[in-house]
Structure formats: structure tokens, C-alpha cells
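Asks: Just need the structure, nothing else, for what follows:
(4 chains)
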Number of protein chains: 2
Amino acid sequence: MRKKRTHPTLLDVAREAGVGTTTVSRVINGGHRVSLQTLERVRAVIERLGYHPNQAARILKGERTKTIGLIVPSIADVFYSSCAEAVQKVARSHDSLMIMAASGNDPRLEMEHLNVLIRHRTDGILLAPADFRSQDLATLLRLLPIPLVSFDRPIRGVEIPSVLINNREAARGAVQHLIDHGRRRILCLGGEPALYTIIERIRGYREAIEGAGLLCLVDTSVIDFKTAESAVKIHLSSPNPPDAIFTLKNLVTMCTFEALQKLNVRIPESMALLGFDDFELAATLRPAISVVQQPIEDLGRTAAELLFDRLVDGKNREKRRRTTLETRLILRSSCGCSPGAEITGS
Amino acid sequence: MRKKRTHPTLLDVAREAGVGTTTVSRVINGGHRVSLQTLERVRAVIERLGYHPNQAARILKGERTKTIGLIVPSIADVFYSSCAEAVQKVARSHDSLMIMAASGNDPRLEMEHLNVLIRHRTDGILLAPADFRSQDLATLLRLLPIPLVSFDRPIRGVEIPSVLINNREAARGAVQHLIDHGRRRILCLGGEPALYTIIERIRGYREAIEGAGLLCLVDTSVIDFKTAESAVKIHLSSPNPPDAIFTLKNLVTMCTFEALQKLNVRIPESMALLGFDDFELAATLRPAISVVQQPIEDLGRTAAELLFDRLVDGKNREKRRRTTLETRLILRSSCGCSPGAEITGS
DNA sequence: CTGTTAGCGCATTCAT
DNA sequence: ATGAATGCGCTAACAG
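Replies: Reported below is the predicted structural model:
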């Protein structure tokens, strides 16, 4: 087999076909103004040599790269991979490629990825910022010559369009639901208390609890099964144990459920469970888990569409800087009310 | 706010700082052989202008793009997003960016994505091919000047390194386990019967069934809950209903479980259930689901490492074209044997 | 330590 | 219908 060392160039094709580079260029870009005969011949050579145009050269000519960047905290997290899928669909409909990178919620890593994307001259960037209060990020964005849209989390200190979920209201409504059904000691469980979404949800929880004159009980030590189990144990053995748990994100909900199950706590009789963010099998578990359902695909799609809007006419700056999407409270069995109902988020 | 129309260039920085382009270039690339004074000044200008080097120009100079491509059937599928995460970690350790695209198992879309990646001059490509018998793909790859590694599925008709799971053996072992525990009418349930992995798993199923002198019962109509439910109904109402179900992939396992639960079929008493591919909450469902567990992270990591191996010294062609990874049979409760055991795949 | 310059691969005038 | 020449932003080779 022939050793393939380097990419063939336009010139290689031209020489091989006995024509000028212009002609080959024309063939690549639609084949107009080229005689059928040369067209065929050049195409054959392209095929034979396995020629593919070098995008870099085109970019250098100032053309669109037809590429957008997407930075999320984690690729493996269903929430973000579902977003990504939605984004990719939109990108594809705009004949664009999506480059995806994971920040792991680390501002430094995020900055690195941002720089890489900018160097690659992506036409635009979608970002779920690791730290919504980052000064470095705000500074970078102020000078950024390409459009950026943040989603899931905003960016403070700079005018960037963002697409968000009504975290606070949704959390408030969910907790209120527990209160309405007689729960009095409601524990709020989660992790990563510095994240925007978590902060907002806790705020919503507080509003509901304080509005009802109850006691706030927030534990942000839970990030996996181990921590969930130990947290549940501790709170159960308190003199005045909770009668409900509100979990702040899907992984925490799952782990808490597992922990409760392992400790033989009856759900919802002894302990109601209501989680933020829906997840696969939530309806299949016994009892089925009640959740606040986020419009994940919507989130990705809306953000991507907003980005492409700004791409096509760069000057047309939307007035509306912030888009907030509505959630739904999905009542199944774990929260202890009669199931079947479904409440649209405020 | 200043209108930001276009990316500043090296020349812009050089002029602004009153130095030559080479000096700026040196500053960007580590700042060696530059006086501390100029270094500071140039850095300040770079900062102020928000300059980011144009990757395209570097690529044109023939440098590595420090980018690898990854094409998977679906981003939202946990299996592949977990792979992707593993790949990205390896890429990162090689100071490279990962570009990810989804083919939806459509050979045409896959080909498009491949072309885009090649045009972008990614240093290498990782691919889970949609159609392992594709002639077009084989033709493209024969001429491809950059290394490609296939994973999860091989590519027929061309010498491409691939990293695979021992699908057939694992399926055979799993079905054998059901047989060993007295199951006699074992239904094999799944979808997309043209996919390599599915073909292999069905083959393993057949080997085990035929080896035991039993009857093969394969239904490849199941791709979601609806189809799972109707398939289960049909087979349950047959004159001689199955006493066990072997599901061919994780989504099918989940849907089949849901269907069985909905129809009040007792697992494992009336029906044993054993699935290919583990999934979140498989151990939390009641009964906990027994599965063949694939080394997903391993798959992604190994494939990526193989790719980078070929990248660093392009000539050092490994003899071993095919790497096969081992699975584990995780016995939980749904298959009806006493749980707790764990058998390493053959 | 610093500046000048050629050339990477391609699209695009402008001739022919 | 076709080709020769130019320049996009950057790096590296070569002066100074």
C-alpha cells in the first residue's frame, strides 16, 4: 500500500490533471464555468488522490469557519449531553460543525478551552460558565470579537445574552408543594454551593420555607452516593428528623433515593422526596420520583438559535439580554401527594 | 462600548507595540529571546487589544492542529458520552482539543462529518462507524493521510486499528448463565439488527442457545418503550411464553423492564431479565438488574491512546490491528440466580 | 535581542 | 473556459 505522508494540495491536483489551480478551485466550489470535460478529469484526480481542501487556507481568506464552540461542565452528564445534542441539531441546520469541550467547572480549564476555540476562529461560542462571578471571564468577553451566548448560568459584569431556567421560582414552587401537603421539616440536599443554579435553587427553597414560617435546613455536602448516605444517616438520627427532602440536582436525587432505600426508609410515608431535574427511570423507580422538569432540549436549542441569530446579522443586537425558560413540576409518587397531576412552573 | 468587528492580527499588535512581527510571535510562543522590557510591553498590548493567534495561519505553516476528531452515533447516549469524556481526558493530556460529532448511525451524515474533520486537518480521528461494511468508508480510509482508529465497531475491507468489546463471547456467556440456572425459553430482544455490536451479540446468543439444544427466539423490533411493551405482550401471550429475556443494549433493557413492570410480570420468578450494557440505577431498581458490563471508559481511553501513539511516531505501525476488551457479567437479582457473584468475561 | 522576508494552501481578481 | 498573480496571518530562516 502506498505510504501516505501528507495531505495533497490544490496544486498537486492541478499538476496531476494538467490544469491551473484556479480551475481546480472552481471544480471544488461547484464546478461552474468549467468545461464538462475538464470537470470530469479534475474530479477523477481529486478522487484518486484523496484530496480534501484545507479549511485553514479558507479561514485565512477571512471566510466563516462554519464552526461553533460549546463549553459545558461535563460531557458525561446527561443534562449537558442532551443540551449538546440539541445544539448540534441547530448547528447542523446552519451547515455548521460543533466543537465541544468540558470545563469540569474549573475556571482555569474553561479559560483554556475558550482560548482554543477563539484561536480556531469558531464563528460563535456557547458557554455554561463555571464561575458566573469571574472577573477574568468578563474581561475576556468584553473584547471578544465573536458572539457568545451563555446558557444554564449567566455571566455577571458583562452584557452577554443568556438563556436560563427559572431556578428560583421553580424551587420555591416545588418546596411550596411539599409544604402544602403537610410536610414541616424539609431538608434541602445537594453539593457545589458556589454554582449559580444551586445558589438560585437554595434561594427558592429559603423563600418557600421562610414564607411558611418553617426552619431552613440546608446541607450542601452531598455530591455522590457516599456523601448522600452519610448525610441521610446524620439527619435521620437527629432529635427532630426531616419528613421531606428536596434535592438540588439529578445525581443527588438518585443518590439520596438509593441511600433512603438502603436504610429502609419508607418513601413517601416516612420521608417525601422531590428532586430538581428529571432523569431517566425516575418514573420507573418504586416509588416513582417527583421532580422539577427542566426543558433541556429547549435550553440548548434556544441558546444555539440565539447565537446563530447574532451570527447572520452581527449588528442586530437583541434588546432582550436574558431569556428565561419555564419548568414543570412533575408529580409522581415520591412526594406523597396523589399523583397524576402536573403543574406548569410559574 | 467599542464595536468589535474583526480579530486583531499579529501585525496589529506589532504596530501598536512598535516592534516587528517576529518579536510578537516570540512573545506568544513563550517569550524567549526577548528583552524583559519589550516582553512586558507586547504582553500589555496583546491584553489590551484582546489578541488571540489565528490557528488557521499556524496550520497553514504545516503545524499540528492539536485537534482530534471523534464521531459517535449519538452524543446523548450515555455509552458514547462516557467514551467521549474518556477520550477528552486523553486528548487533554496530549494538549489537544477534541471535536465531537454525531452520525445518528447514518453513513451519509457520518461521511459528511468525516470530510469536515479532514478539512479541518484534525491530527487524527476516532470513529464508531455507522456501517461496518461500508465500501465508501473503506475507500475514503485507504487514502486518508491521517491516522484513524475505530472503536466499538470495526471497519471491514481496510486495515484500520480498532478497539472492540468481546460482544459475542460476552453474550454467549450471559445467555449460558441463564441456561445454567434452568431457563429454557430465552427471548432475545433488541433493535437495529444491522449494527455490528447487535449482530455479534445475537451470534453469541445463538451459540449458547444452540449449544444447549434450545430454540432461538430473536425479536429485533424493539427500539423504545412502545415497541418493547408490544413485543413483551406478544411473546407473553404465545402458547409457550419465554421464561427469560436477554436484552441487547441498555435502552432496550430499561424499556423492557418498564414494560414487564407495567404488565405486572414478576421478575425474576416469572421472567428472568439480563441485559447487555450496564446503566445508572440498574442496581437501584427492584429487582436490581443483572447485566453484562462493558469497560466504557477503557474503550474510549484505549482508542484515544492508540491514536496518539500513531500520532507521535507516524511510521511505527502496530502489528496488533485489533484490541479486544473484556466485559464482566454483573449478577444482581433480575436473572434469578443468587446475587453477589461477579464473573469476568471470557 | 530584534527586524525582514518568504511561503504555507486557497479564493479571487484580472487577463487572455 | 482557463491561468497567473496576489494576499490572508503566521512562523522560521536569515540578517543585523
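Asks: what packs against the one helix or strand A:E169 maps to?
Replies: Secondary structure assignment for A:E169, by DSSP states H and E: helix A:167-180. Packing partners of helix A:167-180 (3 or more C-beta pairs under 8 Å, 6 or more residues apart in numbering or on different chains; DSSP states H and E): strand A:186-189, helix A:196-211, strand A:244-247, strand A:272-276, strand A:290-293, strand A:328-330. Backbone N, C-alpha and C define where each C-beta goes, glycine included.
Asks: Most tightly packed of these?
Replies: Among the helices and strands packed on helix A:167-180, strand A:244-247 has the highest mean neighbour count (mean count of other C-beta atoms under 10 Å in any protein chain shown), at a mean of 30.
Asks: What mean pLDDT does whichever helix or strand comes after it get?
Replies: As assigned by DSSP H and E, the chain's next helix or strand after strand A:244-247 is helix A:250-262. Per-residue pLDDT over helix A:250-262 has a mean of 97.
Asks: Likewise for stretch A:39-59?
Replies: The average pLDDT within stretch A:39-59 is 93.
Asks: can you check stretch A:309-316 too?
Replies: 72.
Asks: can you give me the angle the helix holding A:E169 makes with helix A:196-211?
Replies: Note on geometry: by axes from the mean of the first three to the mean of the last three C-alpha atoms, to 10 degrees, helix A:167-180 and helix A:196-211 are set 40 degrees apart in direction.
Asks: residues near A:M100, how many?
Replies: By the measure other C-beta atoms under 10 Å in any protein chain shown, the count of residues near A:M100 is 27.
Asks: Please compute how far stretch A:119-126 lies from its chain's middle.
Replies: Offset of stretch A:119-126 from its chain centre (C-alpha atoms, centre = their mean, to the nearest Å): 17 Å.
Asks: my bad, stretch A:85-105
Replies: With C-alpha atoms, centre = their mean, you get 10 Å for stretch A:85-105.
Asks: residues in the stretch 51-200 of chain A within reach of chain B, list them.
Replies: A:52-57, A:59-60, A:65, A:67, A:74-76, A:78, A:81-82, A:84-85, A:88, A:97-102, A:113, A:115-116, A:118-121, A:140, A:142-145, A:159 (C-beta under 8 Å from any C-beta of the partner chain).
Asks: correct me, but A:L236 touches A:L260?
Replies: No. In this structure A:L236 lies outside contact range of A:L260 using C-beta atoms under 8 Å: 9.1 Å.
Asks: where along the stretch 51-200 of chain A do the strands fall?
Replies: Per DSSP state E, counting those that start in this stretch, the stretch 51-200 of chain A carries strands over the ranges A:67-72, A:97-102, A:124-127, A:148-151, A:162-165, A:186-189.
Asks: Mean pLDDT for those - can I get that in JSON lines?
Replies: JSON lines is the format used below for the strands of the stretch 51-200 of chain A (pLDDT from 0 to 100):
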{"stretch": "strand A:67-72", "mean pLDDT": "95"}
{"stretch": "strand A:97-102", "mean pLDDT": "88"}
{"stretch": "strand A:124-127", "mean pLDDT": "97"}
{"stretch": "strand A:148-151", "mean pLDDT": "97"}
{"stretch": "strand A:162-165", "mean pLDDT": "98"}
{"stretch": "strand A:186-189", "mean pLDDT": "98"}
